[in-house]
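Engineer: Need a 3D model of the following:
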Amino acid sequence: MKKQTGSMDTLVSLAKRRGFIFPGSEIYGGLANSWDYGPLGSRMRMNLKKLWWKRFVESRDDMVGLDGAILMNPRVWEASGHVATFSDPMVEDVVTHKRYRADHIIEEKTGVNTSGMTLHEMSQIISDKKILSPDGNPLSEPRQFNLMFETTMGTVAGEGNRVYLRPETAQAMFVDFKSVATTSRKRLPFGIAQIGKAFRNEITPGNFIFRTLEFEQMEIEYFLEERDWETLFDTWHREMYAFAREVGISAELLHDFEVPDTERAHYSKRTVDIMFDFPFGQKELWGIAYRGDFDLRQHQEHSGQSLEYTDPEDNKRKILPHVVEPTFGVDRTILAILVSAYEEQVVGEGDTRVVLHLKPEIAPYQVAVLPLMKKDGLAEEAREIHRALLKHFRSDYDETGSVGKRYRRHDEIGTPYCITFDYDSKNDRCVTVRDRDTMVQERVNIEELSAYLDRKMNQHS
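Structural biologist: Sure, this is the predicted structure:
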């Protein structure tokens, strides 16, 4: 069989056509770079988050969870440095008024590394190199663009207190560190995990769900003693790759980028970006950073509250823990899974099928039950099988179109197994189970169906 991977346009089209991801507010003309997860996408997204939580929280005795508030006291963002520094250099097309990242424009047009450059230096390069916008128009002078969304808390316009939609989930884990440590009674090293929405007023969001204004993070702050950071950094780095395998991200499309000193945050001694070969280029998928004790120290100083950890072996020894931070983006992970899973196969002369090789744990549906025909009682008995399977698997019932078309439809949405109830099934009490990847069909007794599917899915994982 001949294989062919999909372009970005192909994936976006499939996602919309099959109910994975829709453009947000589409009937009103949409809202740039906002996306809604449809019936299949919301299932897939939930499956991903459950797997992450199971692996990194429920299956470990050194991890606890947190669900922090989106709105926080603005002093949190002052202490973290976001209010003062969380901005990007922006330029504007003076004709179309489209906005662009100044550093990205310069790097794309000239190849010059802009790390550490001032706005004046960027302006000079744009002028000297006569850099124009993508539409061929002159650009404005670069200026800083704040990435945080602001709102007010209060009932009367203009009289409320300014608050921010959180630009990251991490800060709640630092602010609540002492409370978590006290109530959970965990000993160092231990971690706090959180899944939640974050918001960034990006200048140039794009590439489907890769960079959006509203996104979801699966993030861990792993607290430790400074002497242990290198060992635990490496341990978590390996864990991230193990999770990539678990959810079906192609290993050959993953690469490490060791972030150099000039590009790392000032408080970090090491940051590794895990890159992925997306159809639009190699971009950051996940990241892991050693943040030192910067965050806890900042919040301790700004709040006046001690965030020190007391060594249970020596009650006199107070520790301000250091942190290793593995970060996973839900939306980028979904995109990487779709890219890894997508395949076009030529399976016969003039016959091509599109298939998503999704892991059973990730697939929206694990099985689909198909009556050969709607008549002669086949549909009723097939529905009974579907209802029984729903107790153990994510099952879909599908009776629309020919069986061949239904097979192709479920190949395209990644359903691992299709079960057909036919006329023989009424007599021999067996059904035909078709494997998505091999297209091999096998007759299985209905009484043994659940055990058979369990066994096959465990082999698949």
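Engineer: From here on, just use CA atoms for contacts and neighbour counts.
Structural biologist: Fine.
Engineer: And the helices in the stretch 251-400 of the chain?
Structural biologist: For the stretch 251-400 of the chain, the helices defined by DSSP state H, counting those that start in this stretch cover 294-303, 330-341, 378-389.
Engineer: Output the contacting helices and strands for the first one.
Structural biologist: Packing partners of helix 294-303 (3 or more C-alpha pairs under 8 Å, 6 or more residues apart in numbering; DSSP states H and E): helix 74-80, helix 170-175.
Engineer: Now with 10 Å, please.
Structural biologist: Contacts defined by 3 or more C-alpha pairs under 10 Å, 6 or more residues apart in numbering; DSSP states H and E place helix 294-303 against helix 74-80, helix 170-175, strand 322-329.
Engineer: Each with direction, which strands does the last one pair with?
Structural biologist: Strand 322-329 sits in its sheet next to strand 214-224 (antiparallel), strand 281-292 (antiparallel), going by DSSP bridges.
Engineer: now the helices and strands packed on helix 294-303 in CSV, with mean neighbour count and mean pLDDT?
Structural biologist: Output for the helices and strands packed on helix 294-303, formatted as CSV (neighbours: other C-alpha atoms under 10 Å; pLDDT from 0 to 100):
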stretch, mean neighbour count, mean pLDDT
helix 74-80, 18, 90
helix 170-175, 22, 96
strand 322-329, 24, 97
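Engineer: I'd like to know which of those lies nearest to Gly24.
Structural biologist: Ranking the helices and strands packed on helix 294-303 by proximity to Gly24 (C-alpha to C-alpha) places strand 322-329 first, at 19.3 Å.
Engineer: beta partners for Phe278?
Structural biologist: Gly281.
Engineer: hang on, the earlier thing: export the helices of the stretch 251-400 of the chain as a markdown table, with columns for mean pLDDT and mean neighbour count.
Structural biologist: Shown next, in a markdown table, are the helices of the stretch 251-400 of the chain (pLDDT from 0 to 100; neighbours: other C-alpha atoms under 10 Å):
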| stretch | mean pLDDT | mean neighbour count |
| --- | --- | --- |
| helix 294-303 | 95 | 18 |
| helix 330-341 | 97 | 22 |
| helix 378-389 | 96 | 18 |
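Engineer: Mind checking those for the one nearest to Asp424?
Structural biologist: Proximity to Asp424 (C-alpha to C-alpha) singles out helix 378-389 among the helices of the stretch 251-400 of the chain, at 10.2 Å.
Engineer: Send me the closest one as CSV with only the CA atoms.
Structural biologist: Output of helix 378-389 as CSV, limited to C-alpha atoms (Å, rounded to 0.1, in the frame of the first residue of the first chain):
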residue,chain,number,x,y,z
LEU,A,378,-30.7,-6.6,11.9
ALA,A,379,-30.8,-3.0,13.2
GLU,A,380,-32.6,-3.9,16.4
GLU,A,381,-30.1,-6.7,17.3
ALA,A,382,-27.1,-4.5,16.3
ARG,A,383,-28.4,-1.8,18.6
GLU,A,384,-28.6,-4.3,21.5
ILE,A,385,-24.9,-5.1,20.9
HIS,A,386,-24.0,-1.4,20.8
ARG,A,387,-25.9,-0.7,24.1
ALA,A,388,-24.0,-3.6,25.8
LEU,A,389,-20.6,-2.4,24.5
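Engineer: helices or strands up against it?
Structural biologist: Using 3+ C-alpha pairs under 10 Å, 6+ apart: helix 378-389 touches strand 367-371, strand 395-397, strand 417-421, helix 423-428, helix 449-460.
Engineer: so what pLDDT did the closest residue to Ile413 other than its chain neighbours get?
Structural biologist: Once flanking residues are discounted, Ile413 sits nearest to Leu356: 6.1 Å by C-alpha to C-alpha, 6 or more residues apart in numbering. In this prediction, Leu356 carries a pLDDT score of 97.
Engineer: for this protein, longest helix please?
Structural biologist: Using DSSP state H, we find that the single longest helix of the chain is helix 229-247.
Engineer: Enumerate the positions of that one that are buried.
Structural biologist: Using 16 or more other C-alpha atoms under 10 Å as the test for burial, helix 229-247 gives Trp229, Leu232, Phe233, Trp236, His237, Met240, Ala244, Glu246, Val247.
Engineer: Now the fourth one: closest residue in space, sequence neighbours ignored.
Structural biologist: What it means is Trp236. Nearest non-adjacent residue to Trp236, counting by C-alpha to C-alpha, 6+ apart: Pro326, 7.0 Å away.
Engineer: residue contacts, the one you found?
Structural biologist: Residues counted as contacts of Pro326 (C-alpha atoms under 10 Å, 6 or more residues apart in numbering) are 193, 218-222, 233, 236-237, 239-240, 271-273, 286-290.
Engineer: I'd like to know which of the residues you listed are buried.
Structural biologist: For the contacts of Pro326, a burial check counting by 16+ other C-alpha under 10 Å picks out 193, 218-222, 233, 236-237, 240, 271-273, 286-290.
Engineer: residues in contact with the residue nearest the centre of the chain?
Structural biologist: With distances taken as C-alpha atoms, centre = their mean, Val330 lies nearest the centre of the chain, 1.7 Å away. By C-alpha under 10 Å, 6+ apart, the contact list for Val330 reads 45-46, 48-49, 52, 195-197, 209-210, 215-219, 285-286, 336.
Engineer: can you check Gly287 too?
Structural biologist: Counting by C-alpha under 10 Å, 6+ apart, Gly287 touches 219, 237, 240, 256-257, 271-275, 325-329.
Engineer: Please name the nearest non-neighbouring residue to it.
Structural biologist: Of all residues not flanking Gly287 in the chain, Asp273 sits nearest, at 4.4 Å (C-alpha to C-alpha, 6+ apart).
Engineer: Would you quantify the distance from that neighbour to Glu325?
Structural biologist: According to C-alpha to C-alpha, to the nearest Å, Asp273 and Glu325 sit 12 Å apart.
Engineer: Determine the residues that are contacts of both of those two.
Structural biologist: Common contact partners of Asp273 and Glu325 (C-alpha under 10 Å, 6+ apart): Gly287, Ile288, Ala289.
Engineer: between the helices and strands packed on helix 378-389, which gets nearest to Arg60?
Structural biologist: Comparing the helices and strands packed on helix 378-389 by C-alpha to C-alpha, helix 449-460 comes nearest, at 21.3 Å.
Engineer: which stretches of this protein aren't confidently modelled?
Structural biologist: Within the chain, the stretches with pLDDT under 70 are 1-6, 86, 155-160, 203-205, 461.
Engineer: From the recorded domain assignment, give the ranges for it.
Structural biologist: The record's domain parsing of the chain by automatic domain parsing lists 2-83+149-339, 87-145, 365-460.
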